[in-house]
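Asker: how does the following fold in three dimensions:
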Amino acid sequence: MKKSLKKISNIVFLVLFISLIAVLIGEKNIFNNKNLTKSELVEKLRQVKDGSKLSFSLGEKSYFFEIVNSSTSRILGLSGRDEIGSDGLLFVFNKKDFHSIWMKEMKFNIDLIWIVDGEVVDITYGLQAPLNYEALETLPTYSPSVPIDILIEVNEGFVEEKNINIGDRLVCNETIYEAIY
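Answerer: A predicted model of the protein is given here:
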């Protein structure tokens, strides 16, 4: 009787131990985009260290986007840069809205990919870098057609070349947890 009780307790212990390991492994993976809801993805991206570069799938291909999620870096954007430095800048906003951008101090042309809840909802093609003599107050602003929570700025022609379309899904290919601070 004692042997069978000991055997049962060993089995129960083993099952509990394996369950604990599975939970711990699952805890780390919960931060991976494939397990996140649409709103959880944006919330996790808000926590990623500003300037981090993460791998994302968009449409059929994978890209590296630099995360822009602080007020200061969102205002600065690509101003003054000679190049993007990755496949694009991924702006993460604090709330869904008609977020606007302008081309202040831009040195090259860009396309804009407007995203809400992980889905491309609008695309703006071929924004021209301003001429040096254009006054700031004359620069146009650009906004999406619907409220968005993510904007990706890419080089002009990128959207067409990579065949990115409205309805394409943005999926993080990395474990976001590892990029948080």
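Asker: where does pLDDT dip in the protein?
Answerer: 1-39, 133, 175-181 (pLDDT under 70).
Asker: do a quick rundown of the strands in it.
Answerer: According to DSSP state E, the chain carries its strands in the segments 53-58, 61-68, 88-97, 101-102, 110-116, 119-127, 141-142, 148-155, 170-172.
Asker: quick one, the first one and strand 110-116 angle?
Answerer: So that's strand 53-58. Here strand 53-58 runs at an angle of 80 degrees relative to strand 110-116 (axes from the mean of the first three to the mean of the last three CA atoms, to 10 degrees).
Asker: each with direction, which strands does strand 53-58 pair with?
Answerer: strand 61-68 (antiparallel), strand 170-172 (antiparallel) (DSSP bridges).
Asker: which residues are in contact with the longest one?
Answerer: It stands for strand 61-68. Strand 61-68 is contacted by residues 45, 48-57, 74, 77, 84-92, 152, 162, 173, 179 when judged by CB atoms under 8 Å, 6 or more residues apart in numbering. For the C-beta atoms, the positions are set from N, CA and C on the backbone; glycine is no exception.
Asker: same thing with stretch 80-90?
Answerer: Counting by CB under 8 Å, 6+ apart, 45, 53-54, 56, 63-68, 77-78, 105, 107-108, 113, 150-155, 158 sit against stretch 80-90.
Asker: in that stretch, what's buried?
Answerer: Going by neighbour count (16 or more other CB atoms under 10 Å), the buried part of stretch 80-90 is 84, 87-90.
Asker: Glu66 - how many residues pack around it?
Answerer: Residues near Glu66, counting by other CB atoms under 10 Å, number 21.
Asker: so how far is Gly88 from it?
Answerer: 7 Å (CB to CB, to the nearest Å).
Asker: picking that back up, for ChimeraX, what selects the buried ones among the contacts of stretch 80-90?
Answerer: A single ChimeraX command selects the buried members of the contacts of stretch 80-90 (16+ other CB under 10 Å):
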select :45,53,54,56,63,65,66,67,68,77,78,105,113,150,151,152,153,154,158
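Asker: dump the C-alpha coordinates for stretch 96-103 into PDB.
Answerer: Extracted C-alpha coordinates of stretch 96-103, given in PDB (Å, rounded to 0.1, in the frame of the first residue of the first chain):
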ATOM      1  CA  LYS A  96      -5.900  55.100 -32.600                       C
ATOM      2  CA  ASP A  97      -6.300  58.400 -34.300                       C
ATOM      3  CA  PHE A  98      -5.800  60.300 -37.600                       C
ATOM      4  CA  HIS A  99      -2.100  60.800 -36.900                       C
ATOM      5  CA  SER A 100      -0.500  63.200 -39.300                       C
ATOM      6  CA  ILE A 101       3.100  63.600 -40.600                       C
ATOM      7  CA  TRP A 102       4.900  66.100 -42.600                       C
ATOM      8  CA  MET A 103       8.200  66.100 -44.500                       C
END
